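Q: Please find the sequence and the predicted model below.
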Amino acid sequence: MDCLFCAIIRGEIPSTKVYEDESVFAFRDINPQAPTHVLVIPKSHIPSVDGINGENAVEVANIFRVIPKIAAAEGLSNGYRVISNCGADACQSVKHLHFHVLGGAQLSDKMA
């Protein structure tokens, strides 16, 4: 498997790690779209939201337990946005489930 995010998790590609536990890895986006832009990913390879199932749902749920902790550690006390792109029409650039956590400033009210 040739997955950019799997290589980051394995430490083969450098990243600026923000958080890590047994099932979640989070790091700063190299092309930030907001003052704070963190990617939160499962350590197991799940291709996208469409790949969430009964076998990996607990791991994905853990991501949503971790996101508020990351937001608090990043000082996002006034709010933040969580985004996951799924598929070509949504411009999913890496085929590994990931959630963008954006904040640190007033974000646009437009989603596109």
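A: All right, it came through fine.
Q: mind listing the strands in this structure by residue range?
A: Counting by DSSP state E, the chain has strands at residues 17-20, 24-28, 36-42, 80-83, 99-103.
Q: how far away is the residue nearest to Gly51 when sequence neighbours are not counted from Asp109?
A: Leaving aside its chain neighbours, Gly51 sits nearest to Leu97 (6.5 Å; criterion: C-beta to C-beta, 6 or more residues apart in numbering). Every residue, glycine included, has its C-beta placed from N, CA and C. Here Leu97 is placed at a distance of 26 Å from Asp109 (C-beta to C-beta, to the nearest Å).
Q: These two: which is more packed in?
A: With neighbours defined as other C-beta atoms under 10 Å, Leu97 and Asp109 compare such that Leu97 has more, 25 against 5.
Q: longest helix anywhere in this structure?
A: Ranked by residue count, the top helix of the chain under DSSP state H comes out as helix 57-73.
Q: now for that one, which elements pack on it?
A: Identification of packing neighbours for helix 57-73 by 3 or more C-beta pairs under 8 Å, 6 or more residues apart in numbering; DSSP states H and E yields strand 17-20, strand 24-28, strand 36-42, strand 99-103.
Q: For the ones you listed, give me a markdown table that also has distance to Gly11.
A: A markdown table is the format used below for those (distance: least, C-beta to C-beta, whole Å):
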| stretch | distance to Gly11 |
| --- | --- |
| strand 17-20 | 10 |
| strand 24-28 | 10 |
| strand 36-42 | 14 |
| strand 99-103 | 21 |
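Q: and of those strands, who's closest to Phe5?
A: Closest of those to Phe5 is strand 36-42, at 5.4 Å (criterion: C-beta to C-beta).
Q: Which secondary structure elements does that closest one sit against?
A: Applying 3+ C-beta pairs under 8 Å, 6+ apart, one finds that strand 36-42 contacts helix 4-9, strand 24-28, helix 57-73, strand 99-103.
Q: Show me the one of those that comes nearest Ser15.
A: The nearest among the helices and strands packed on strand 36-42, by C-beta to C-beta, is strand 24-28 at 3.9 Å.
Q: Residues in contact with that closest one: which ones?
A: With contacts defined as C-beta atoms under 8 Å, 6 or more residues apart in numbering, strand 24-28 is touched by 8-9, 15-20, 37-43, 59, 62-63, 66, 70, 101.
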